[in-house]
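Enquirer: requesting a structural model of the entry that follows:
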Amino acid sequence: MVQVRTGGKISADGTVLSSSETVDELSITGAPILVAKQAGSPIFASAILGNGTLELTAEKASEDTAFGKIVERVEEPRTPRRRQSTS
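Expert: Numbers count the residues shown, from 1 in each chain. As a prediction, this is how the structure comes out:
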């Protein structure tokens, strides 16, 4: 179980255990909109808690989180495609 307080950054993907609060999921959605979370709601690493206290179960951490996967995709090397000759 992980407990997060006002302004705290969620450190792992998981499920909300208790409380009814709002979080900013800008890093996941790209939109600075507060999303309501309540018991049973999924929650993502890098979200920031608005006000109050939130308890959650941590299910994925580090590069296994949704945010970690986004970072991994952005960092993947881009290799140019070779054009095949049609001779």
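
Enquirer: how about the strands in the chain?
Expert: For the chain, the strands defined by DSSP state E cover 2-5, 12-18, 20-24, 34-38, 42-43, 48-49, 53-61.

Enquirer: turn those strands into TSV, including distance to E76 and mean neighbour count.
Expert: Any C-beta I mention is one placed from the backbone N, CA and C, and that applies to glycine too. Output for the strands of the chain, formatted as TSV (distance: least, CB to CB, whole Å; neighbours: other CB atoms under 10 Å):
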stretch	distance to E76	mean neighbour count
strand 2-5	29	15
strand 12-18	21	18
strand 20-24	26	18
strand 34-38	28	15
strand 42-43	25	18
strand 48-49	26	19
strand 53-61	20	17
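
Enquirer: mean pLDDT for the ones you listed: which is lowest?
Expert: Among the strands of the chain, strand 53-61 carries the lowest mean pLDDT, a mean of 86.

Enquirer: what's next to that one, contact-wise?
Expert: 1-6, 10-19, 21, 23, 37, 43, 45, 66 (CB atoms under 8 Å, 6 or more residues apart in numbering).

Enquirer: hmm, try it at 6 Å
Expert: The contact list for strand 53-61 (CB atoms under 6 Å, 6 or more residues apart in numbering) reads 1-5, 12-19, 21, 43.

Enquirer: stretch 11-28 now?
Expert: Contacts of stretch 11-28 with the rest of the structure, by CB under 6 Å, 6+ apart, involve 32, 34-39, 41, 43-50, 52, 54-61, 65-67.

Enquirer: quickly list what the closest residue to L56 other than its chain neighbours is bridged to.
Expert: In this structure, L56 finds its nearest non-sequential neighbour in G14, 4.4 Å apart by CB to CB, 6 or more residues apart in numbering. Beta bridges link G14 to I43, A58, judged by DSSP bridges.

Enquirer: how far away is G14 from G30?
Expert: Separation of G14 from G30 (CB to CB, to the nearest Å): 21 Å.

Enquirer: quick check, pLDDT for G52.
Expert: For G52, pLDDT reads 87.

Enquirer: any chance of the strands of the chain in CSV, plus distance to V74?
Expert: Formatted as CSV, the strands of the chain follow (distance: least, CB to CB, whole Å):
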stretch, distance to V74
strand 2-5, 25
strand 12-18, 18
strand 20-24, 20
strand 34-38, 22
strand 42-43, 22
strand 48-49, 20
strand 53-61, 18
